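Novice: structure for the following, please:
(2 chains)
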2 protein chains.
Amino acid sequence: MNRSELFSIIQKKKSFLCVGLDTDINKIPKHLLDGEDPVFEFNKGIVDATHELSAAYKPNLAFYESLGVSGWKSLEKTVEYIRSKTDEIFLIADAKRGDIGNTSAMYAKTFFETFDFDAVTLAPYMGLDTVSPFLEYKNKWSVILALTSNRSAADFQYLEDKNTGDKLFESVLKTSKTWGTTDQLMYVVGATKAEALENIRKIVPDHFLLVPGVGAQGGSLKEVAKYGLNNHCGLLVNSSRGIIYASSGEDFKEQAKVKAEEMQQEMEQLIKGKGLI
Amino acid sequence: MNRSELFSIIQKKKSFLCVGLDTDINKIPKHLLDGEDPVFEFNKGIVDATHELSAAYKPNLAFYESLGVSGWKSLEKTVEYIRSKTDEIFLIADAKRGDIGNTSAMYAKTFFETFDFDAVTLAPYMGLDTVSPFLEYKNKWSVILALTSNRSAADFQYLEDKNTGDKLFESVLKTSKTWGTTDQLMYVVGATKAEALENIRKIVPDHFLLVPGVGAQGGSLKEVAKYGLNNHCGLLVNSSRGIIYASSGEDFKEQAKVKAEEMQQEMEQLIKGKGLI
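Specialist: Down below sits the predicted model:
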């Protein structure tokens, strides 16, 4: 999928919502636990309830890996199910991988061939070598960590470069944006730093940003949109717990839909206000 | 396993060799491909041939993930096989994970509970939050990327902090060593930068360093030992391709053993010279 196609999906659905499938077997409704594959059944329910309201899904790999082989089966089935359900979804593997050379090529193969993801989140610490094998795939995306929403992001991301004065996350943006096009690269920018988006938009005005941390982690959607929207929308805002665990009962699908609808409707107003639909 | 136990294994085996199980189904001997689980059969052969010569094994997760569910099965069987074969092995998941909060906790669970690894490699970009859930496990290790051996390591790892003058990898070492003990933390330091080890040893004199890049990537074992050995050995030197793909024929085990023995013998001289055995 390229940037225009992603923008078309957002326009059609009037939503730049990304639903984070951080599916924790200890948090899903108890009535699902008797089934053969509770994690998949839960995801299927969430997808059924929210796919018309969402532009993207983002399974967080840690939750699947923690279950070993059976978790990977659940993930495989989830990806296949989403692909069978609709063509109009952007699918992000939240894997935060970061390795080099043939290892990085293996990760690219994993997410773009073994699994049919559109995008993978990547850690920039090891530089271009981490990203380049992913860039060889046409219509696939690398989503690079820039400024994250966690407290200890400040440990290193705010270190200022002696020569340029740039903070590390700014160096990451400035350097890595030369590695590929706006059809290949996105950035993770935490919503708890909404005002930082203004500065980030000066460095990467045209890129899509994947913004976690709205809702449960405390960020405001309105603030994010104010500083982050561009003329291709340029935002995917992720919500995980606020949607998928809206209810822990048998009505989890209905309640997830209610929460997704709330976000979609707020988003519709915001992109209308910006003249994007 | 704590630092003294790891040192005892190194003393007993007279080796600080870590064999990297970067098992690529396209590179293993063809005669294995007819079997039910060629990746596992290959690893089993390598482990049988090298476990008395190695202090550690380091499966690189990318190679297993790239095969999807079947790759995770092969990994699971490999870990179980190594554990059944010997107690005297340090087992590192080369996963380079880096996430936060409950996600990071899930990764810790994956590698320390679902799989019985002793250690996991972690990327430091997101700071302490990435590492802290791993530190809650007793006798388990976080191996943090400091200075990597790839060319584009220079993209960010050498950026100099305006306030301290430290390069990013030095900041990572100085900050992260306060997060845990020398029984919990190790660092990845690429062997292609052997002379950099001298400086790194000033910052972390007592920590173990995991050193990839000897052999295929061009580093010299003698140089690494010169700058890196400390009074607990303090080094695990990884070799992957140079050992596991020493032969692509039916004699792959014998040839892997020959190559591992060469390294073990050189290591024995080096730690003898240092008075460690």
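Novice: thought A:Phe208 was touching A:Arg3?
Specialist: Yes: under the criterion of C-beta atoms under 8 Å, A:Phe208 makes contact with A:Arg3 at 6.9 Å. Where you see a C-beta, it was placed from the backbone N, CA and C, and this is true even at glycine.
Novice: more neighbours, these two?
Specialist: Neighbour count, other C-beta atoms under 10 Å in any protein chain shown: between A:Phe208 and A:Arg3, A:Phe208 has more, with 27 against 20.
Novice: give the contact list for that one.
Specialist: A:3, A:6, A:182, A:186-187, A:232-236 (C-beta atoms under 8 Å, 6 or more residues apart in numbering or on different chains).
Novice: contacting chain B as well, which ones from those residues?
Specialist: Filtering the contacts of A:Phe208 for proximity to chain B by C-beta under 8 Å from any C-beta of the partner chain leaves nothing.
Novice: neighbouring contacts of the lengthiest helix in chain A?
Specialist: Taking DSSP state H as the criterion, chain A has its longest helix at helix A:252-273. Residues from elsewhere that reach helix A:252-273 (C-beta under 8 Å, 6+ apart): A:10-11, A:13-17, A:19, A:28-29, A:42, A:45-46, A:48-50, A:53-54, A:221-222, A:225, A:229, A:233, A:237, A:239, A:242-247, A:277.
Novice: so which of those residues sit within strands?
Specialist: A:17, A:19, A:237, A:239 (DSSP state E).
Novice: tell me if I'm right that the first one and A:Leu235 touch.
Specialist: No: under the criterion of C-beta under 8 Å, A:Leu17 makes no contact with A:Leu235, lying 9.9 Å away.
Novice: tell me the contacts of A:His207?
Specialist: Applying C-beta under 8 Å, 6+ apart, one finds that A:His207 lies in contact with A:177, A:182, A:185-187, A:234.
Novice: that one and chain B, how far apart?
Specialist: Separation of A:His207 from chain B (C-beta to the nearest C-beta, to the nearest Å) stands at 18 Å.
Novice: contacts only, for A:Asp116.
Specialist: A:79, A:83, A:91.
Novice: tell me the secondary structure at it.
Specialist: The three-state label given to A:Asp116 by DSSP: H, G, I helix; E, B strand; the rest coil is coil.
Novice: how near is it to A:Asp87?
Specialist: Noted for A:Asp116: a distance of 11 Å to A:Asp87, by C-beta to C-beta, to the nearest Å.
Novice: now A:His232
Specialist: 19 Å.
Novice: more neighbours: which of those two?
Specialist: Of the pair A:His232 and A:Asp87, A:His232 is the one with more neighbours under other C-beta under 10 Å, namely 18 against 9.
Novice: what values do phi and psi take at the residue of the stretch 1-150 of chain A found nearest chain B?
Specialist: Using C-beta to the nearest C-beta, the point where the stretch 1-150 of chain A gets nearest to chain B is A:Gly127, with a distance of 3.0 Å. Dihedral angles of A:Gly127 (phi, psi; degrees, to the nearest 10) stand at phi 80, psi -160.
Novice: burial check on it, number of neighbours?
Specialist: The tally of other residues near A:Gly127 (other C-beta under 10 Å) stands at 24.
Novice: check A:Tyr158 too.
Specialist: A:Tyr158: 13 surrounding residues under other C-beta under 10 Å.
Novice: before we move on, what about the one 5 residues further on?
Specialist: With neighbours defined by other C-beta under 10 Å, the count for A:Asn163 comes to 10.
Novice: just checking, it touches B:Glu160?
Specialist: Yes: if you go by C-beta under 8 Å, A:Asn163 and B:Glu160 touch, sitting 6.9 Å apart.
Novice: number of nearby residues for A:Trp72?
Specialist: Close neighbours of A:Trp72, defined as other C-beta under 10 Å, add up to 24.
Novice: gap between it and B:Glu76?
Specialist: Counting by C-beta to C-beta - A:Trp72 and B:Glu76 are separated by 10 Å.
Novice: who in the stretch 1-150 of chain A is up against chain B?
Specialist: A:22, A:24, A:60, A:62-63, A:65-69, A:72-73, A:76, A:96-104, A:106-107, A:109-110, A:114-115, A:123-130, A:145, A:148, A:150.
Novice: so can I have JSON lines of the contacts of A:Phe208 showing distance to A:Met267 and pLDDT?
Specialist: Listed next are the contacts of A:Phe208 as JSON lines, based on distance: C-beta to C-beta, whole Å; pLDDT from 0 to 100:
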{"residue": "A:Arg3", "distance to A:Met267": "18", "pLDDT": "98"}
{"residue": "A:Leu6", "distance to A:Met267": "14", "pLDDT": "98"}
{"residue": "A:Thr182", "distance to A:Met267": "21", "pLDDT": "98"}
{"residue": "A:Met186", "distance to A:Met267": "18", "pLDDT": "98"}
{"residue": "A:Tyr187", "distance to A:Met267": "19", "pLDDT": "98"}
{"residue": "A:His232", "distance to A:Met267": "15", "pLDDT": "97"}
{"residue": "A:Cys233", "distance to A:Met267": "9", "pLDDT": "98"}
{"residue": "A:Gly234", "distance to A:Met267": "13", "pLDDT": "98"}
{"residue": "A:Leu235", "distance to A:Met267": "9", "pLDDT": "98"}
{"residue": "A:Leu236", "distance to A:Met267": "10", "pLDDT": "98"}
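Novice: who in the stretch 151-277 of chain A is up against chain B?
Specialist: A:151-157, A:159-163, A:165, A:168, A:171-172, A:175.
Novice: put the buried members of those residues into a ChimeraX selection.
Specialist: Per 16 or more other C-beta atoms under 10 Å in any protein chain shown, the buried members of these correspond to this ChimeraX selection:
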select /A:152,153,155,156,157,159,160,161,162,168,171,172,175
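Novice: just the ones of the contacts of A:Asp116 in helices?
Specialist: Counting by DSSP H, the contacts of A:Asp116 place A:79, A:83 in helices.
Novice: who does A:Leu185 bridge with?
Specialist: As for beta bridges, A:Leu185 partners with A:Ser142 under DSSP bridges.
Novice: residue ranges in chain A under the pLDDT threshold?
Specialist: Judged against pLDDT under 70, the low-scoring parts of chain A cover residues A:193, A:215-219.
Novice: and the helices in chain A?
Specialist: Here chain A has its helices, by DSSP H, at A:3-13, A:38-50, A:61-65, A:69-85, A:101-109, A:128-135, A:168-176, A:196-203, A:221-228, A:241-244, A:252-273.
Novice: winner for burial among those?
Specialist: Stretch with highest mean neighbour count among these: helix A:61-65 (a mean of 26; mean count of other C-beta atoms under 10 Å in any protein chain shown).
Novice: picking that back up, what angle do the longest helix of chain A and helix A:221-228 make?
Specialist: Counting by axes from the mean of the first three to the mean of the last three C-alpha atoms, to 10 degrees, helix A:252-273 points 40 degrees away from the direction of helix A:221-228.
Novice: chain center to helix A:252-273, what's the gap?
Specialist: A distance of 17 Å separates the centroid of the chain from that of helix A:252-273, by C-alpha atoms, centre = their mean, to the nearest Å.
Novice: how about A:Gly190, phi and psi?
Specialist: Torsion angles at A:Gly190 (phi, psi; degrees, to the nearest 10) stand at phi -70, psi 140.
Novice: next one: A:His232
Specialist: Main-chain dihedrals, A:His232, degrees, to the nearest 10: phi -110, psi 30.
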